[in-house]
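*Asks:* I would like to see how this sequence folds:
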Amino acid sequence: MNVVPTAAELSTLGVVYERGLIGMYHDWCEAFSTYPRTYDLIHANGIFTLYKDRCKMEDILLEMDRILRPEGTVILRDDVEILLKVQRTPKGMRWKTLMANHEKVLFAVKRYWTAAGEGSESEKHKNTGSSSEAKGSEE
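*Replies:* Presented below is the predicted three-dimensional model:
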């Protein structure tokens, strides 16, 4: 599903339809019309810059958390200053974050967790080493 923000100056929904893909307009300050835990991947390019004067960053992230499945991934592209602010909030939502050093990209994975605080089986077996090109956070 391709989602074009209603606040965008340039509408790319026509290009989406021309390629035979499904798309829609959406205002990220409002709830997304879908069931919870529907999507495995969300890729947002400049969404926080676009909505910075219209709604809170936390509200957008909470809506992403609602529609994202456990162990789903969010790829955020924006200005570095904004991504540094954004990176603090997913930690509180128990997302694992990774920010690339040489690009304006923040990767976040929604953890599967239970009330006992246990991680998922796949998370227990993953290697969490860091490379010289990226730095990550555990919580």
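*Asks:* what residue of this protein is the furthest out?
*Replies:* The C-alpha centroid of the chain is most remote from residue 18, which lies 26.0 Å away (C-alpha atoms, centre = their mean).
*Asks:* the helix ranked longest in the chain: which residues count as buried?
*Replies:* Ranked by residue count, the top helix of the chain under DSSP state H comes out as helix 80-92. Neighbour counts using 16 or more other C-beta atoms under 10 Å place 82-83, 86-87, 89-90 of helix 80-92 among the buried residues. All C-beta spots, glycine's among them, are computed from the backbone N, C-alpha and C.
*Asks:* if you count contacts, what does it end up packed against?
*Replies:* helix 47-50, helix 57-67, strand 68-77, strand 95-100, strand 105-110 (3 or more C-beta pairs under 8 Å, 6 or more residues apart in numbering; DSSP states H and E).
*Asks:* tabulate the CA atom coordinates of it in PDB.
*Replies:* This file holds the C-alpha atoms of helix 80-92, laid out as PDB (Å, rounded to 0.1, in the frame of the first residue of the first chain):
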ATOM      1  CA  VAL A  80      19.500  14.300  11.000                       C
ATOM      2  CA  GLU A  81      18.300  16.700  13.800                       C
ATOM      3  CA  ILE A  82      14.800  15.500  13.500                       C
ATOM      4  CA  LEU A  83      15.800  11.800  13.400                       C
ATOM      5  CA  LEU A  84      17.800  12.300  16.600                       C
ATOM      6  CA  LYS A  85      14.700  13.600  18.300                       C
ATOM      7  CA  VAL A  86      12.600  10.900  16.800                       C
ATOM      8  CA  GLN A  87      15.100   8.200  18.000                       C
ATOM      9  CA  ARG A  88      14.300   8.900  21.700                       C
ATOM     10  CA  THR A  89      10.600   8.000  21.400                       C
ATOM     11  CA  PRO A  90      10.800   4.500  19.900                       C
ATOM     12  CA  LYS A  91      13.000   3.500  22.800                       C
ATOM     13  CA  GLY A  92      10.100   4.100  25.100                       C
END
